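> any chance you could fold what I've pasted below:
(3 chains)
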Amino acid sequence: MSARGPSATERAASRRIVAAFGASAAGAVGFAVTYAQGGNTRWEGACLAVAFAGLAVGLAVWARRLVPVGGYVEEHEGFTPPPTEQAMTAAELTAPDSPVRRRGLLAALGLALTALGAAALFPLRSLLPFDRARPERALKDTPWGPGVRLVDAAGRPVRPQDVPADSMVAVFPEGHVDTGDAPAFAVRLEPRRFSRPPAGGHLDGLVVWSLLCTHAGCPVRTYLKGTARVLCPCHQSSFDLLAGARPVAGPAARALPGLPIEEGPDGFLHATGDFTAPPGAGFWDSP
Amino acid sequence: MRRPRAATVRPLLHPRRALAVGAALVLAAGPVALVPARSPAASAPPAAAAPAAGDRGTQLYLEHCASCHGERGQGAQRGPSLVGVGPASVDFQLSTGRMPVSREVQQARRGEPVFSAADISALVDHVASFGGGGPRIPRVAPGHLGSGREIFAANCAPCHGATGAGAALTNGWTAPPLYDSTPVQVAEAVRVGPGLMPVFPSQVLDDRQVDDLAAYVQRLRGERLDRGGNPLGRLGPLAEGLVAWLAALGLLVAAARWLGRRAGE
Amino acid sequence: MITDRLARALDDRLRLSPIARRAMAKVFPDHWSFMLGELALYSFVALLLTGVYLTFFFDASNADRVYHGEYAPLEGRTTSAAYASTVRLSWDVRAGLLIRQTHHWAALVFVAAIVLHLARIFFTGAFRKPRELNFLIGVTMLTLALANGFTGYSLPDDLLSGVGLRILTSVVQSIPLVGAWLAALALGGEFPSDAMIPRMFVTHVLLVPAVLVALISLHLGILVRQKHSQFPGPGRTEHNLVGSRLWPSYTLRSLALFAWLLAVLFALGGLVQINPVWLYGPFEPAQATSPAQPDWYVAWGDGALRLFPSWEFRIAGHLVPAAFFPGVVLGGVTFLALYAWPFAERLRTGDRRQHHLLDRPRDHPVRLGVGVGALTFYAVLTVAAGDDIIARLIRVPVYDLLSLFRVLVFVLPLLAGLVAFLVARALRRGDAAGVGELTRADLRRAAHRSVRPPEADSGESETPARDRPGERIELWPEGDLWRWRYRDEDRQVVFPGSRAVRSEEEAASAARLAYPGVDRVVVPGPPPAPPPGPVRVALRRWGRAAAAGSLLLAALLDRRRDRRRQERERAEQASSPEAADRASTGGGRT
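Now for the predicted structure:
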């Protein structure tokens, strides 16, 4: 309970409230001036914080010192309505001429509404345009195919000697550098160290795999030189490139799909087909 | 009205800003603490060593390196061979203070360099005398930021993070933060591939691209005073979530507790 | 003066005063935990305000756009319009970064406040009848908040969020039969599609916020209709609500909280950097960054994806990928369990009564144990989402940490739940007031099966014992109006009724609703307010004696008044039977 009349405590509280609101106004002016002078995120934020904190403190002191607080009681009607009231409502709802009594008409109405609701679902299909491939087909197909040249991120075709040992080169199908499921990487390994041959074959130790993790589709872009492993930075799956890019740790369960390649007559690398499996995360129709 | 003027008049602003920056740096020091101060000696690429340095190099080598790497750099059980590692590698390891190490470690950490710039260049020459060639110490020219950013995002961000804050690899290895690297050290690391880092020889990144990359890494480091305020070590959303819970929710719940109490309590 | 006239003018046209008077007298319980929902509400308001500002500058499109501006590393580069406009907003629009960061911080705080509010509702049993409906609405709003957080986080089309969106797409794809279709319908094709930014934008700024606004209105409407619940205490029953009034006390407090929330958000928005998309760079399908985490409120899903073993199987040649269980099943089970909890608990306890008095968390050891266990589970998952960061900071191999988390995610929740359960039982059975006062004996007793029948049922509906000697209702006239108050002399509490009414009958009926069965008496008026200021200190010192003295006096006066009333009643009873009835309900006129 707060005190009545302008007592000493009340006067002190009032002074504090005025000071707080004053600080708030100062903060607001500070914000405006900072903004007008060219803006600085820190000072703008600090000034606005002071402005609102001043308001908050002033209002809070006001609420706690100058206003009757607490101890009021309000009645709380129960939420179980009296049975008579319920019965009256029910009777009115189901009066003899009430629509709810017309069972047959209601059934027809229900049929019409159901049909309308079902029909309204159809346009949702347009969210995926009809000229697109069916999703499971699209997930399996990539721009890779026989004869597609391998290019680097800048679009330059890649020759076998562009892939040095101890390095990882991201490669793309020519003309599809931005396609989501196409990125691959080329590494050069020692063929005699293979414990399992790469699924897509190799060209004197030059192997190309899909860059997309088979767990959740992140690019496995972290190449640990010397261990011949790649690591996914998202969920830490690692794949052993010497063992056919088999997952060796972390949550991934399938090996990275390989890309069959050859050196074309032009001296550049060409794919001889698509990935050995759909790239990226698994789905229901994954072969 | 004294406050807003104080907040906006330029000369008065600087000490406060310095304080804020200091606080931000202290808070940001979580991951950066892995790496102590950067070496002032590292920025000068030692090119031509004085002829008399050969003796100095031999002496230093026998004193500090030979016990692990062998007297002729042939390597031993405790240390790898230095034949053919190249001047860039030796300069990188010494100027970043990773070598010498007092005991065998999996991954040496960055530190204050033990040797002076002249001593490092003497050691580089001595190790080069073992033969085998290897990458030279690159000369770094000013580069283009935009192209550097793209090269960084494509080749470096997967391990060191797009923010350059570093990240964990497997088996206790880490990709260190890049904030203390000089342009030459960046170029050396690119060419040499220390530890688990892949090598980027000139058929992957040409010299101009390395210049661009070094320029961007310097910029990344310069922007540690981030535009948006304290960068929270540039650790990303989880650090931000922690701040939201501890700082924001802490302050808000404290306010609610105070407001929700009755005056007498 | 002006406000007075304006109020009158409005009232003359809309006849608002009866509604306004009731609304102003609405009572809020005086406990901080009732303000957690308010925090969520005000965060949402902050999100709307800052978000509208952002839409003026954000270009929701996947189309190419060349960036020109202050941020040198991106100067002249072609990125998606969404990314370029976000960097422009952050570097070239004055105050743009402040608003953007404040918006993002507000989103983090919004979900955090919802979670805290949900925890309060859960542990105090506020979801029980008649509030199940509001519980369901609240859980729905939590899912919408998560959805809106994730779409907003993904809108700038930066590398970090793009990778996150790719992970979510992979999770959706993992759903048996329909996964690929769902993902393709949502994105308008294979990830990354040209339609995804515009679609997420519409979802983020129109669809979900509109539904949220509707649900918040419904949530608050139901709250006003049902009134707040309250913690048990002297004079607090299932039929009343004790606290401070909406006007002026809670109006000021609530505004103060709103202002404080904005202060905290703007301080963070200006001083602590969040989501520096210019550093992350634009999304490219072949690029990655490390460490990669989502915002905290979806991090539990990311943690589950990390911890779940590399285990997948085929059904008749069809693949059920590893991401399905931690991604889809865990999320589905989480929210189904939340939705089902009120009904599951009712099934278990068979309690179908209405509850306006809250449980203390200790009153329900099983509920507390389950809740604490579940919170621990999700907390461990969230921390596990940062296992790579932790591995680097404490210099531990990341796979060792992974193995540790795979154990902790089961052990810690069980332990925490068990401890919470035992502590709750010990507190209930023993006489310790708080956790700090528990003795070993209390805990030992809690570990054994209860010999006595559980007290839960009797404790849940704490109706005051009728005819408690010290309790009574006092009514008095004040000018043309009537007021009433509840008074319990034994426990020394006095609660004035929240509003003045026009007749004695109205006051009596309000009092009868709030305290059924408590005797009502009419008194000449309330005692004068205590003298203010320094006197209060002295007063407090004499408090005990004075209170005892006045109580004694009051009791004497009451006895005399009662005796007189009874005499008069007896006299009136002889003349008319109606008067007797009125005397027993409304009290006599003195």
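
> please name the residues that touch residue 267.
Since no chain was named, I'll use chain A. Neighbouring residues of A:G267 by CB atoms under 8 Å, 6 or more residues apart in numbering or on different chains: A:R159. Any C-beta I mention is one placed from the backbone N, CA and C, and that applies to glycine too.

> my question was about chain C
Applying CB under 8 Å, 6+ apart, the residues near C:A267 are A:45-46, A:49, A:53.

> C:L427 now?
Counting by CB under 8 Å, 6+ apart, C:L427 has contacts C:362, C:434-435, C:438, C:442.

> pLDDT wise, what is it at?
We note a pLDDT of 88 for C:L427 in this prediction.

> how about stretch B:214-226 and chain C, any contact?
Yes. Under the criterion of CB under 8 Å from any CB of the partner chain, chain C is reached by stretch B:214-226 at B:216, B:219-220, B:223, B:226.

> give the buried residues for that stretch.
With burial defined by 16 or more other CB atoms under 10 Å in any protein chain shown, the residues of stretch B:214-226 counted as buried are B:214-221, B:223-224, B:226.

> and for stretch C:230-239?
Those would be C:230-232, C:235-239, for stretch C:230-239 by 16+ other CB under 10 Å.

> what's the answer for stretch C:237-249, then?
C:237-246, C:248-249.

> stretch C:347-365 close to chain A?
Yes. Using CB under 8 Å from any CB, stretch C:347-365 reaches chain A at C:354, C:356.

> ok, now stretch C:489-501?
Yes. Looking at stretch C:489-501 against chain A by CB under 8 Å from any CB, the contacts come from C:493-499.

> need those in TSV (columns: neighbour count, secondary structure and pLDDT).
TSV is the format used below for the residues of stretch C:489-501 next to chain A (neighbours: other CB atoms under 10 Å in any protein chain shown; DSSP: H, G, I helix; E, B strand; the rest coil; pLDDT from 0 to 100):
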residue	neighbour count	secondary structure	pLDDT
C:V493	18	strand	85
C:V494	16	strand	88
C:F495	24	strand	90
C:P496	19	strand	89
C:G497	25	strand	90
C:S498	24	coil	89
C:R499	20	coil	87
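
> between the residues you listed, which sits nearest C:L255?
C:S498 (20.0 Å; CB to CB).

> quick one: residues contacting the closest one.
C:S498 touches A:72-74, C:25-27, C:245, counting by CB under 8 Å, 6+ apart.

> just put these in JSON lines and tack on pLDDT and distance to chain B.
Formatted as JSON lines, the contacts of C:S498 follow (pLDDT from 0 to 100; distance: CB to the nearest CB, whole Å):
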{"residue": "A:Y72", "pLDDT": "90", "distance to chain B": "11"}
{"residue": "A:V73", "pLDDT": "91", "distance to chain B": "14"}
{"residue": "A:E74", "pLDDT": "90", "distance to chain B": "16"}
{"residue": "C:A25", "pLDDT": "88", "distance to chain B": "18"}
{"residue": "C:K26", "pLDDT": "90", "distance to chain B": "16"}
{"residue": "C:V27", "pLDDT": "91", "distance to chain B": "13"}
{"residue": "C:R245", "pLDDT": "89", "distance to chain B": "12"}
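
> ok, for C:K26, nearest residue in space, not its chain neighbours?
C:L246 (4.3 Å; CB to CB, 6 or more residues apart in numbering or on different chains).

> repeat for B:L251
In space, B:L251 is closest to C:V264, 5.1 Å off (CB to CB, 6+ apart).

> touching, that neighbour and B:L249? I think so.
No. The pair C:V264 / B:L249 is not scored as a contact, 9.1 Å apart, by CB atoms under 8 Å.

> with neighbour numbers in mind, choose between those two.
Comparing C:V264 with B:L249 by other CB atoms under 10 Å in any protein chain shown, the one with more neighbours is C:V264, at 26 against 21.

> picking that back up, quick one, which of the contacts of C:L427 are buried?
C:362, C:438, C:442.

> out of those residues, flag the one nearest to chain B.
C:R362 (19.8 Å; CB to the nearest CB).

> hang on, the closest one packs against C:R428?
Yes. Using CB under 8 Å, C:R362 is in contact with C:R428, at 5.4 Å.

> residue ranges with poor pLDDT in the chain?
All of this is about chain A. Counting by pLDDT under 70, chain A contains low-confidence ranges at A:1-6.

> meant chain C actually
For chain C, the ranges with pLDDT under 70 are C:431, C:449-468, C:527-555, C:557-558, C:565, C:569-590.

> check which helix or strand covers A:V248.
Here A:V248, judged by DSSP states H and E, is contained in strand A:246-249.

> which one of the buried residues of stretch B:214-226 is nearest to chain A?
Of those, the one sitting nearest to chain A (CB to the nearest CB) turns out to be B:D226, at 9.6 Å.

> my read: the closest one touches C:P276, true?
Yes. Look at B:D226 against C:P276 with CB under 8 Å: they come within range, at 6.1 Å.

> which stretches of the stretch 401-550 of chain C form strands?
C:471-478, C:481-488, C:493-496, C:520-522 (DSSP state E, counting those that start in this stretch).

> quickly list what C:V242 is bridged to.
C:V242 forms beta bridges with A:V73, as assigned by DSSP bridges.

> how much space separates it from C:P496?
Per CB to CB, to the nearest Å, C:V242 is found 10 Å from C:P496.

> in helices, which of the buried residues of stretch B:214-226 fall?
Mapping these onto helices (DSSP state H) picks out B:214-221.

> distance between the ends of stretch C:235-242?
8 Å (CA to CA, to the nearest Å).

> how far off centre is it?
Here stretch C:235-242 shows a centroid-to-chain-centroid distance of 21 Å under the convention CA atoms, centre = their mean, to the nearest Å.

> winner for burial among the strands of the stretch 401-550 of chain C?
Highest mean neighbour count of the strands of the stretch 401-550 of chain C: strand C:481-488, a mean of 21 (counted as mean count of other CB atoms under 10 Å in any protein chain shown).

> which helices and strands sit right next to that one?
strand C:471-478, strand C:493-496, helix C:504-514 (3 or more CB pairs under 8 Å, 6 or more residues apart in numbering or on different chains; DSSP states H and E).
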